[in-house]
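Build the 3D model from these lines:
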Amino acid sequence: MLLKTLVVGPIAANCYLLGCPQTGEGAVIDPGDEAEKILQAAQEAGLKIRYIINTHGHIDHIGANHALKLATGASILIHSADAPLLVEPKKNLSAWMGKMIQSPAADTLLQEGDIISIGETIKLEVIHTPGHTPGGICLKGEGVIFTGDTLFAGSIGRTDFPGGSYEQLINAIKAKLFSLDDDLKVYPGHGPASSIGAERAANPFFN
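Presented below is the predicted three-dimensional model:
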């Protein structure tokens, strides 16, 4: 699996570019900003972007959806509970930043347990982890998990935005993420990578 991390936008969100080497099909996880930077990286990797996957609907994770969809025709995927955030600036927090950003509506509404196939080699399992937003998800692949703003290295996502729930987030991480293999590499929505084992052992929110 080709995997490239791009840090985009004023809030330094992690955007992930995934690609299948055999077919050249690719996906972008959380294109929060800087569409041209993302498109250039995809072109350099020889990838055709088929999917735009949002781990949740906040502006710093969906801000480049519109430009990427126009450029690639890719399908936008998000959990059904966060679909309204794509098109409502107050809910996606762009209005709070003095902007009125709208993404195109979702092409596919995701649910717990769905599998997203990218080319012949990549399969991502959708894990619903509400708490940061009602429809927050993590995406588990072979040896990796993309945790959005659910779980960070040494921290967790904020729960003080509309629709947030500290109890839900803590419970989702304990029940659905900390039951996974220790060596599963964690790629979060902000900050450095980690692992499930490291976070279970040392994340201060759980120790």
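
Spatially nearest residue to the spatially most central residue of the chain (excluding sequence neighbours)?
The geometric centre of the chain, computed from its C-alpha atoms, lies nearest to residue 55 (Cα atoms, centre = their mean), at 3.2 Å. In space, and not counting its chain neighbours, residue 55 is closest to residue 148: 2.8 Å by Cβ to Cβ, 6 or more residues apart in numbering. C-betas here are computed from N, CA, C, even on glycine.

what's near enough to touch that neighbour?
Residue 148 makes contact with 30, 55, 56, 61, 129, 132, 136, 137, 138, 157, 188, 189, according to Cβ atoms under 8 Å, 6 or more residues apart in numbering.

how many other residues sit next to the spatially closest residue to residue 201 that is not a sequence neighbour?
Nearest residue to residue 201 in three dimensions, chain neighbours excluded: residue 207, at 7.6 Å (Cβ to Cβ, 6+ apart). Residues within reach of residue 207, counting by other Cβ atoms under 10 Å, total 8.

pLDDT wise, what is residue 207 at?
The model reports residue 207 with a pLDDT of 82.

ok, now residue 15?
98.

got it, and residue 98?
Reading off the model, residue 98 has pLDDT 82.

before we move on, back to that, reformat the contacts of residue 148 as CSV; add secondary structure.
Converted to CSV, these look like this (DSSP: H, G, I helix; E, B strand; the rest coil):
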residue, secondary structure
30, coil
55, coil
56, coil
61, helix
129, coil
132, coil
136, coil
137, strand
138, strand
157, coil
188, strand
189, coil
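
Scan these and report the most crowded one.
residue 61 (33 neighbours).

And the strands in this structure?
2-8, 13-19, 25-29, 48-53, 75-79, 108-110, 115-118, 122-128, 137-141, 144-148, 151-152, 155-156, 185-188, 194-195 (DSSP state E).

so how far is the first one off the chain centroid?
Centroid displacement of strand 2-8 relative to its chain, using Cα atoms, centre = their mean, to the nearest Å, is 12 Å.

same deal with the third one?
Per Cα atoms, centre = their mean, the displacement of strand 25-29 from the mean C-alpha position of its chain is 11 Å.

Can you spell out which helices and strands pack onto it?
Other helices and strands packing on strand 25-29, by 3 or more Cβ pairs under 8 Å, 6 or more residues apart in numbering; DSSP states H and E, are strand 13-19, helix 35-44, strand 48-53, strand 115-118.
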